[in-house]
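>>> no sequence for this one, just the structure:
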């Protein structure tokens, strides 16, 4: 059993954590509180940029659906006439500075999510551990709204709007902080958000309410696209067939379940989030189709064969919820403009 599988048993399946994780969680909690206190007292600077900043983050480690929502919001803002840019950490990449991402960049350098965001959102992307410096690159490039993929806990970057995404199926796991549980912050943090979006599952989060939610979304897919040729095929055509499914994302089971819900017989190959995929990770001793996430596909273009397909996903909201979220974001932008 892999380390991540063991953690998932503890975090989400009721397995008791080993005793030594409890003091580590206490240390994590103390460090988090001290960091938040330092920013609240302005002992550590929270840098306000000259353009509004929209944070899309989560309370738990692993995939909750942030990145598809970031793509959706960036596209929607561009349609409304804004010039958005996206700042992201660059997880999985070797780059240590701040930089704008180019279409020709290697995902092993800038990270798989950065490449995916650039391709799907078609807006400028900047990466870096120093979020304010990376976001400033976007402003220098002409962006008038900054959307941060993750960064809820990065208080060095001041923000005008916070959107928290919650996994509607796994929710908050065992309710413990890292590493004994999946949480970066406790659920009470939802009270300070401008909007809470629940990805899948019921849009109910006990008594933790938000100003504009909770809103409900899901990620949906209709097609698979060959990595080698770029041709598309309806996912429904794979129904009743066995396929290999590869996912190196925070919650690979979400991808596998989505395929299974379409009647596809999945041979699952979960891998660690942001894993650098090699040919052995996507090649198998048969001629079955291999389906992978779009985030993984950006790392496999040079090693893919005709049997390799990726499955792009899109955000779908419940009736009226997309307009509600758009309203929250636009009002925060307008409020910032009024203060300028």
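Noted; the coordinates are in hand. Just so you know, these numbers come straight off a predicted model, no measurement behind them.
>>> confirm that residue 109 sits in a strand.
No. For residue 109, which was evaluated using DSSP: H, G, I helix; E, B strand; the rest coil, the result is helix, with no strand membership.
>>> okay, now it: neighbour count?
16 (other Cβ atoms under 10 Å). Yep, even glycine has a C-beta here, placed from its N, CA and C like the rest.
>>> now do the helices in the stretch 151-300 of the chain.
Defined through DSSP state H, counting those that start in this stretch, the helices belonging to the stretch 151-300 of the chain, from first to last, are 252-261, 279-282, 294-297.
>>> most tightly surrounded among the ones you listed?
Mean neighbour count (mean count of other Cβ atoms under 10 Å) peaks for helix 294-297 among the helices of the stretch 151-300 of the chain, with a mean of 26.
>>> what are the contacting residues of the next helix or strand after that one?
Tracing the chain past helix 294-297, the next element assigned as helix or strand by DSSP states H and E is strand 308-311. Applying Cβ atoms under 8 Å, 6 or more residues apart in numbering, the set of residues contacting strand 308-311 from outside is 221, 223-228, 233, 235, 255, 258-259, 282, 289-294, 296-297, 300.
>>> model confidence over strand 308-311, on average?
This predicted structure assigns strand 308-311 an average pLDDT of 98.
>>> and if you look at stretch 26-35?
Per-region confidence: stretch 26-35 scores 95 on mean pLDDT.
>>> out of the helices of the stretch 151-300 of the chain, nearest to residue 50?
Counting by Cβ to Cβ, residue 50 lies closest to helix 294-297 out of those; the figure is 31.5 Å.
>>> can you give me the domain assignment for the chain?
Recorded structural domains for the chain (assignment: automatic domain parsing) are 40-218+316-339, 222-312.
>>> still on that earlier bit, same list, the helices of the stretch 151-300 of the chain, but as CSV with distance to residue 30 and mean pLDDT please.
Below are the helices of the stretch 151-300 of the chain laid out as CSV (distance: least, Cβ to Cβ, whole Å; pLDDT from 0 to 100):
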stretch, distance to residue 30, mean pLDDT
helix 252-261, 32, 94
helix 279-282, 38, 96
helix 294-297, 34, 95
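>>> before we move on, back to that, give me whichever of the domains of the chain is most buried.
When neighbours are counted by mean count of other Cβ under 10 Å, the highest per-stretch mean among those falls to domain 40-218+316-339, a mean of 19.
>>> what stretches of the stretch 101-250 of the chain score poorly on pLDDT?
Confidence mapping of the stretch 101-250 of the chain against pLDDT under 70 gives the ranges 202-213.
>>> please, where are all the strands along it?
In the stretch 101-250 of the chain, the segments counted as strands under DSSP state E, counting those that start in this stretch are 125-127, 145-149, 161-167, 195-199, 215-220, 223-226, 232-234, 242-247.
>>> quick one: closest of the helices of the stretch 151-300 of the chain to residue 97.
Of all these, the one in closest proximity to residue 97, counting by Cβ to Cβ, is helix 294-297 (22.6 Å).
>>> follow-up on the earlier one: reformat the helices of the stretch 151-300 of the chain as a markdown table; add distance to residue 59.
As requested, those are exported to a markdown table (distance: least, Cβ to Cβ, whole Å):
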| stretch | distance to residue 59 |
| --- | --- |
| helix 252-261 | 17 |
| helix 279-282 | 30 |
| helix 294-297 | 21 |
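>>> among the ones you listed, which comes closest to residue 67?
Taking the helices of the stretch 151-300 of the chain one by one with Cβ to Cβ, helix 294-297 is closest: 7.3 Å.
>>> per-residue confidence for the closest residue to residue 16 other than its chain neighbours?
Spatially, and ignoring its direct neighbours in sequence, residue 16 is nearest to residue 10 (7.4 Å; Cβ to Cβ, 6 or more residues apart in numbering). In the prediction, the pLDDT value recorded for residue 10 is 93.
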